[in-house]
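Asker: Take this sequence and fold it.
(chains A and B)
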Amino acid sequence: MRDFFIKIFRIGRKIKDQFHSSWMFICFLLILVLPFILGFGLLYKSNVLIREQSLLQLLFSGNWHPLKGEFGFWPFIVSSLWVTILSMLICGPVCLLSAIHLTHYAKKWVLKLMHPVIDILAGIPSVIYGVWGILLVVPFVSRMGASMGHPNSGYTILTGAIVLSIMIIPFVLNILIEVIRTVPRELSEASLSLGATKWETIKYVVLKKAFPGIISSFGLGISRAFGETIAVLMVVGNVVKIPTGVFQPGYPLPALIANNYGEMLSIPMYDSALMFSALILFVVVTIFNMGSRYLIIYSEKKI
Amino acid sequence: MGRKFWKNTEVGVYRVLMFLATSIIAIALLLIIVSILYKGLPSLNWQMLTQVPKGGYYFGKEGGILNAIIGSLYLSFGATILSFIISLPLAVYINIHRAKQKRLVNTVRFLLDLLWGVPSIVYGAFGFTIMIYFGLRASLLAGIITVTLFIIPIMVRSMDEVFKTVPKGLIEAALSLGSTRSETSYKVLSRQCIPGIITAILLAFGRAIGDAAAILFTTGYTDYIPTSLSQPTATLPLSIFFQLGSPIPEVQNRAYASAVVLTVIILIISIISRILSRKYYQERIK
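Answerer: So this is what the prediction gives:
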């Protein structure tokens, strides 16, 4: 009798194990196919538009007249590029300097203070950044533009870039700190023992060794900035026009999608056009992500 | 002598710049929180937190944002629970069942990192196409599914990072004592990492409650508290966004007050996860 119960118990455990393992396997499959479903879903929806007009015309034409069926994404792409590159120009140096400071020079209390600061910055929702942008950055940029001879409303590409740069700082900074920390100690010790100063060691050894990692952290930052929606949408002005300066309003791709989903189904091909811009975002962001991560993996193998 | 002088100046200049860069980051956070509190606190009152919008709310009349607060909580709890059901098994699966197949595991990690990087608006657009395909309307359920897809990579990767730190010997000991792999996963590995798992959940929850782009298409917006999964739902980020778009100053002030509510929720989540992760490092088996 006792043997019987033990047998049942064993079978029960086996069945439980089977059940859990198969559920895990299902989840595993789900994650394996999810990126492809995402890509194909968007491609399937934007297919209508791609078939109708040539890809080159879609990407590089500036005519945006949805009612006439003309979809040229160039103004949006240019705006996205402006905002992204400008925000990286602000965020990059700040992050690099701060990462060197935090890894090599900072005192204990600074580290203790900065860890939660970075965490909280990373956790703040993008809509809050947008509100902050409207409260402080918009008036600031407006005044700055006026004093520099470019009067503007404050809702400009520069505003979007400033808000965006603060948003991606925690993201880029965390990777940079990680990258600089993985530089082997022996290398800097060798440099120091040969008589180089601390700063020379950092400049010629640590940064040189970490260079691929630094580039890839910037790449990841760019991909993060490229897809950011709400915060940018709230401060960037949203005017369909190819921007020619930082004090002009822009209309980045994510803002285009977010602003027009309401009319999406009432205008023919419009939904297809918006899905096409989502596809552009997906492809660009994924390429940047892949490149940067490959670079990190590659450089880690070399060390 | 001259060379040394220049060298010292260079170091000095860079040290000042580095310190400035770090302070800029800290000051930015301070500015964000102070400006939101300064603008929002005066308009924040009990009525706002306990009432749904009444007629004419969007013209500055009576009412509150209870619908958005409750809606956001429903949405984030739903999405967090749903993604937990998928994420925990997946995270233990790649750490125990497939631990030997390094290439496969690294590929999955790579895919998850890619998914983490995909902007939430793309998830939103994708969720919308699926919704249309199945003939669903904007609803709480559609929102939950979209947000779930969006936070799964975040949750899995952060759990995975914790599981990686668990000593191999512990798992091998459990397996050699005759426990099945799933028992090892759930009774040893997960139990060992409970604070880390909770941190991962909180991280995902924070992302879910703060995100606006993914739910813009899929959850819609109403003035009521939803009573079923098929109803549209208001959420805090969107309520801030819409109220801020109004030309009426009173409504805008309410947007700032709603921003205070959201910020406070995020700060609470962040503080809890800090306390937990500190405790985790003290108590885990090394």
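Asker: So, low pLDDT: which residues of the stretch 151-286 of chain B?
Answerer: The stretch 151-286 of chain B contains residues with pLDDT under 70 at B:280-286.
Asker: Please work out the residue of it nearest to chain A and name it.
Answerer: B:Gly210 (2.7 Å; CB to the nearest CB). (Each C-beta comes from the backbone N, C-alpha and C, glycine too.)
Asker: ok, for that residue, nearest residue in space, not its chain neighbours?
Answerer: A:Pro125 (2.7 Å; CB to CB, 6 or more residues apart in numbering or on different chains).
Asker: and that neighbour, how many residues sit next to it?
Answerer: The criterion is other CB atoms under 10 Å in any protein chain shown. On that basis, A:Pro125 has 24 neighbouring residues.
Asker: That one against B:Val261, yeah?
Answerer: No. Contact between A:Pro125 and B:Val261 fails when scored by CB atoms under 8 Å: they sit 11.4 Å apart.
Asker: And the strand or helix carrying B:Ile85, what's buried?
Answerer: Element membership for B:Ile85, per DSSP states H and E: helix B:66-92. Counting neighbours by 16 or more other CB atoms under 10 Å in any protein chain shown, one finds that the buried residues in helix B:66-92 are B:66-72, B:74-76, B:78-80, B:82-84, B:86-92.
Asker: about what we covered before: can you pull the phi/psi pair for the residue nearest to B:Gly210?
Answerer: phi -60, psi 150 (degrees, to the nearest 10).
Asker: which ones are touching it?
Answerer: Residues near A:Pro125 by CB atoms under 8 Å, 6 or more residues apart in numbering or on different chains: B:Ile209, B:Gly210, B:Asp211, B:Ala212, B:Pro237, B:Leu262, B:Ile266.
Asker: cool, and A:Val127?
Answerer: A:Val127 neighbours (CB under 8 Å, 6+ apart): A:Ile230, A:Ala231, A:Met234, B:Gly210, B:Ala212, B:Pro237, B:Ile240, B:Phe241, B:Ala259, B:Leu262.
Asker: ranges for the helices of chain A?
Answerer: A:2-52, A:55-60, A:74-100, A:108-123, A:126-132, A:138-147, A:157-181, A:185-193, A:198-201, A:207-227, A:230-235, A:253-260, A:270-302 (DSSP state H).
Asker: Can you tell me which helices and strands the helix holding B:Ile85 packs against?
Answerer: helix A:2-52, helix B:46-50, helix B:140-164, helix B:194-210, helix B:236-244 (3 or more CB pairs under 8 Å, 6 or more residues apart in numbering or on different chains; DSSP states H and E).
Asker: Contacts only, for A:Gly221.
Answerer: A:Met88, A:Cys91, A:Gly92, A:Cys95, A:Ile168, A:Phe171, A:Val172.
Asker: Quick check: of these, which lies closest to A:Trp82?
Answerer: Lowest distance from A:Trp82 to these (CB to CB) belongs to A:Met88, with 11.1 Å.
Asker: Quick check: the gap between that closest one and B:Tyr133.
Answerer: Computed as CB to CB, to the nearest Å, the A:Met88 to B:Tyr133 distance reads 37 Å.
Asker: How many neighbouring residues does residue 39 have?
Answerer: This is for chain A. 17.
Asker: should've been chain B
Answerer: Counted with other CB under 10 Å, B:Lys39 comes out at 21.
Asker: Which helix or strand contains it?
Answerer: Going by DSSP H and E, B:Lys39 is in helix B:2-40.
Asker: what does B:Leu112 give?
Answerer: Using DSSP H and E, B:Leu112 falls in helix B:102-117.
Asker: I'd like to know which elements whatever helix or strand comes next after that helix is packed against.
Answerer: Once helix B:102-117 ends, the next helix or strand along the chain (criterion: DSSP H and E) is helix B:120-133. Applying 3+ CB pairs under 8 Å, 6+ apart, one finds that helix B:120-133 makes contact with helix A:2-52, helix A:207-227, helix A:253-260, helix A:270-302, helix B:140-164, helix B:213-218.
Asker: From A:Met1, how far out is B:Phe5?
Answerer: 93 Å.
Asker: Give me the more crowded residue out of those two.
Answerer: The neighbour comparison of B:Phe5 against A:Met1 (other CB under 10 Å) goes to B:Phe5, with 9 against 5.
Asker: Identify the residues contacting the more buried one.
Answerer: B:Phe5 neighbours (CB under 8 Å, 6+ apart): none.
Asker: ok and the helix holding B:Ile85 relative to helix B:236-244, angle-wise?
Answerer: 140 degrees (axes from the mean of the first three to the mean of the last three CA atoms, to 10 degrees).
Asker: Just give me how far helix B:66-92 sits from the chain centre.
Answerer: Between the centre of helix B:66-92 and the centre of its chain there are 10 Å (CA atoms, centre = their mean, to the nearest Å).
Asker: and it with helix B:140-164, angle?
Answerer: 40 degrees.
Asker: Contact partners for B:Ile144?
Answerer: B:Leu75, B:Gly78, B:Ala79, B:Leu82, B:Leu229.
Asker: from those, which single one is nearest chain A?
Answerer: B:Leu82 (11.6 Å).
Asker: mind checking how far that closest one is from A:Val117?
Answerer: Applying CB to CB, the value for B:Leu82 to A:Val117 is 32 Å.
Asker: B:Ser43 too?
Answerer: Taken as CB to CB, the span from B:Ser43 to A:Val117 is 27 Å.
Asker: A:Lys16 too?
Answerer: For A:Lys16, the distance to A:Val117 equals 45 Å [CB to CB].
Asker: Look at these two and report which has more neighbours.
Answerer: A:Val117 (18 against 14).
Asker: The more buried one contacts B:Leu29, doesn't it?
Answerer: Yes. In this structure, A:Val117 is within contact of B:Leu29 by CB under 8 Å, at 5.2 Å.
Asker: so who does residue 123 touch?
Answerer: You didn't pick a chain, so chain A it is. B:Leu203, B:Gly206, B:Gly210, B:Ile266, B:Ile269, B:Ser270.
Asker: nope, chain B
Answerer: Per CB under 8 Å, 6+ apart, neighbours of B:Tyr123: A:Leu38, B:Thr146, B:Leu149, B:Phe150, B:Ala214.
Asker: and A:Pro151, what does it touch?
Answerer: Counted by CB under 8 Å, 6+ apart, A:Pro151 has contacts A:Gly145.
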